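Peer 1: could you look at this predicted model? Sequence included:
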Amino acid sequence: MNNLNSVLIEGNVVRDPVLSNTPGGIPVCAFSIGINSTHNTNDGKVDEVSFFDVETWHQLAENVVKYLTKGRGVRIVGRIKQDRWTTSEGAPMSRVKIIAEHVEFRPMKLSPQEIG
């Protein structure tokens with residue numbers, strides 16, 4: 001039986017997506033998003049930003065690299081994946097990323113200067 005592994009996350013793209021292909025020719029796109037949040041502490045409100053790596057595959061990868069740019073808002077539905085490897089020095093390493101199954105491009109937010 002599989003455990004539940006589902007994520008819905010919304011933020012802004014922090015670097016332009018990069019498209020590559022697997023040795024078998026399957027398109028894969030990587031990008032990162034930043035998520036702003038505020039929480040209360042004893043000292044008042046604290047703003048923080050969390051960054052997440054996202055990966056898309058196949059036609060979704062091609063669409064993401066075509067239409068998504070740095071600064072654009074995005075909503076992602078997908079799953080969490082942990083990659084594990086060992087460095088050449090023998091140290092164990094890992095990283096967690098989001099494998100996106102659905103990417104919704106959010107409207108661009110205009111600055112006050114752009115609004116006029």
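Peer 2: Right, received. Where do you want to start?
Peer 1: from the chain's centre, how far out does the helix or strand hosting Asp53 sit?
Peer 2: Using DSSP states H and E, Asp53 maps to strand 44-57. Relative to the chain's own centre, strand 44-57 is displaced by 8 Å; criterion: Cα atoms, centre = their mean, to the nearest Å.
Peer 1: tell me the buried residues in that strand?
Peer 2: Residues of strand 44-57 classed as buried: 52, 54-57 (neighbour count, 16 or more other Cβ atoms under 10 Å). (C-beta placed from N, C-alpha, C; glycine too.)
Peer 1: which SSE is immediately downstream of that strand?
Peer 2: Trace forward from strand 44-57 with DSSP H and E and the next one is helix 58-67.
Peer 1: what is the orientation angle of that next one with strand 44-57?
Peer 2: Orientation check (axes from the mean of the first three to the mean of the last three Cα atoms, to 10 degrees): helix 58-67 against strand 44-57 gives 120 degrees.
Peer 1: what's in contact with helix 58-67?
Peer 2: With contact meaning Cβ atoms under 8 Å, 6 or more residues apart in numbering, helix 58-67 is reached by 17-19, 26-29, 31, 56, 100-103, 105.
Peer 1: in strands, which of those appear?
Peer 2: The strands in this structure, assigned by DSSP state E, contain 18-19, 27-29, 31, 56, 100-103, 105 from these.
Peer 1: is it possible to get a markdown table of these that adds distance to Ser37?
Peer 2: What follows is the ones in strands among the contacts of helix 58-67, written out as a markdown table (distance: Cβ to Cβ, whole Å):
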| residue | distance to Ser37 |
| --- | --- |
| Val18 | 26 |
| Leu19 | 29 |
| Pro27 | 32 |
| Val28 | 29 |
| Cys29 | 25 |
| Phe31 | 20 |
| Thr56 | 24 |
| Ala100 | 20 |
| Glu101 | 23 |
| His102 | 22 |
| Val103 | 21 |
| Phe105 | 22 |
